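[1] test case, fold it:
(chains A and B)
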Amino acid sequence: GAVVSQHPSWVICKSGTSVKIECRSLDFQATTMFWYRQFPKQSLMLMATSNEGSKATYEQGVEKDKFLINHASLTLSTLTVTSAHPEDSSFYICSARDPASGSMDTQYFGPGTRLTVL
Amino acid sequence: AQKVTQAQTEISVVEKEDVTLDCVYETRDTTYYLFWYKQPPSGELVFLIRRNSFDEQNEISGRYSWNFQKSTSSFNFTITASQVVDSAVYFCALRGSQAGTALIFGKGTTLSVSS
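    A predicted model of the protein is given here:
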């Protein structure tokens, strides 16, 4: 099956710094990618939908100026957590939609990035 | 609005017991897709099954089976003869008919299988 990678797999940063997380589709071109956030012992919550070449669509309650999403190519979307604070510590998971899957609209999940803000 | 409810927060069983994880969904779409994922401690989601709303056949894959009941909007997951390696968080998810939309996840059920 298709593979989606995320980098880094984990990151520790100081409060106030910015962190960039990459999501790559390795063997297909993803016109749409999704970013989810998962707090400990909780479910995955959609943060935003990222379409290649256009601005991301953010879910209600997600600050777009804090969580910058860039989908500049068909294989890469980045999530930048700006001025990170301890409450931003979470597991961030991306998924990528394979347009070649047609009506199946198959989406593949990345392995996740664990962010810890000190 | 779309919603997925997994009422069981945690389940503990002993090895070789059968266990059923419940999933109830809400959607106004006539066409929709249901999923189950396993999330082991590593965090990476493992895809288990996808079911289309127009296919109500139950499915069996090894020790895993799924029961899809449109009449009760349920998509339950049964593990037969559970094993310690089955210990994980299991998520049920829903996606509507519109292409390019994200999955809506339930809150998950933590399954602990002891030896």
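
[2] where along the chain do the strands fall?
    No chain was given, so I picked chain A. Assigned by DSSP state E, chain A shows strands spanning A:4-7, A:10-13, A:19-25, A:32-38, A:44-51, A:57-58, A:67-73, A:76-81, A:90-97, A:107-109, A:113-117.

[3] not quite, I wanted chain B
    With DSSP E as the criterion, chain B has strands spanning B:3-5, B:10-14, B:19-21, B:24-26, B:33-39, B:46-52, B:59-61, B:64-69, B:74-79, B:88-95, B:104-105, B:109-114.

[4] of all those, which one is nearest chain A?
    Closest of the strands of chain B to chain A is strand B:104-105, at 4.7 Å (criterion: C-beta to the nearest C-beta). (C-beta placed from N, C-alpha, C; glycine too.)

[5] give me the sheet partners of the closest one and which way each runs.
    Partner strands for strand B:104-105, per DSSP bridges, with pairing direction: strand B:88-95 (antiparallel).

[6] how far does the partner strand sit from its chain's centre?
    5 Å (C-alpha atoms, centre = their mean, to the nearest Å).

[7] cool, stretch A:76-83 as well?
    8 Å.

[8] again, but for stretch B:12-29
    6 Å.

[9] and that stretch, end to end?
    End-to-end distance for stretch B:12-29: 35 Å, by C-alpha to C-alpha, to the nearest Å.

[10] is it true that B:Gly106 touches B:Phe91?
    Yes. B:Gly106 lies in contact with B:Phe91 (C-beta atoms under 8 Å); the separation is 5.9 Å.

[11] shared neighbours, the two?
    Contact criterion C-beta atoms under 8 Å, 6 or more residues apart in numbering or on different chains; residues shared by B:Gly106 and B:Phe91: A:43, B:6.

[12] any chance of the strands of chain A in a markdown table, plus distance to chain B?
    Formatted as a markdown table, the strands of chain A follow (distance: least, C-beta to the nearest C-beta, whole Å):
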| stretch | distance to chain B |
| --- | --- |
| strand A:4-7 | 10 |
| strand A:10-13 | 10 |
| strand A:19-25 | 14 |
| strand A:32-38 | 5 |
| strand A:44-51 | 5 |
| strand A:57-58 | 10 |
| strand A:67-73 | 13 |
| strand A:76-81 | 13 |
| strand A:90-97 | 6 |
| strand A:107-109 | 5 |
| strand A:113-117 | 7 |
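
[13] could you dump these to CSV with distance to B:Gln6, mean neighbour count and mean pLDDT?
    Below are these laid out as CSV (distance: least, C-beta to C-beta, whole Å; neighbours: other C-beta atoms under 10 Å in any protein chain shown; pLDDT from 0 to 100):
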stretch, distance to B:Gln6, mean neighbour count, mean pLDDT
strand A:4-7, 25, 18, 96
strand A:10-13, 27, 14, 97
strand A:19-25, 26, 21, 97
strand A:32-38, 15, 25, 96
strand A:44-51, 12, 21, 95
strand A:57-58, 26, 16, 96
strand A:67-73, 27, 17, 92
strand A:76-81, 27, 21, 96
strand A:90-97, 18, 24, 96
strand A:107-109, 18, 23, 92
strand A:113-117, 23, 18, 97
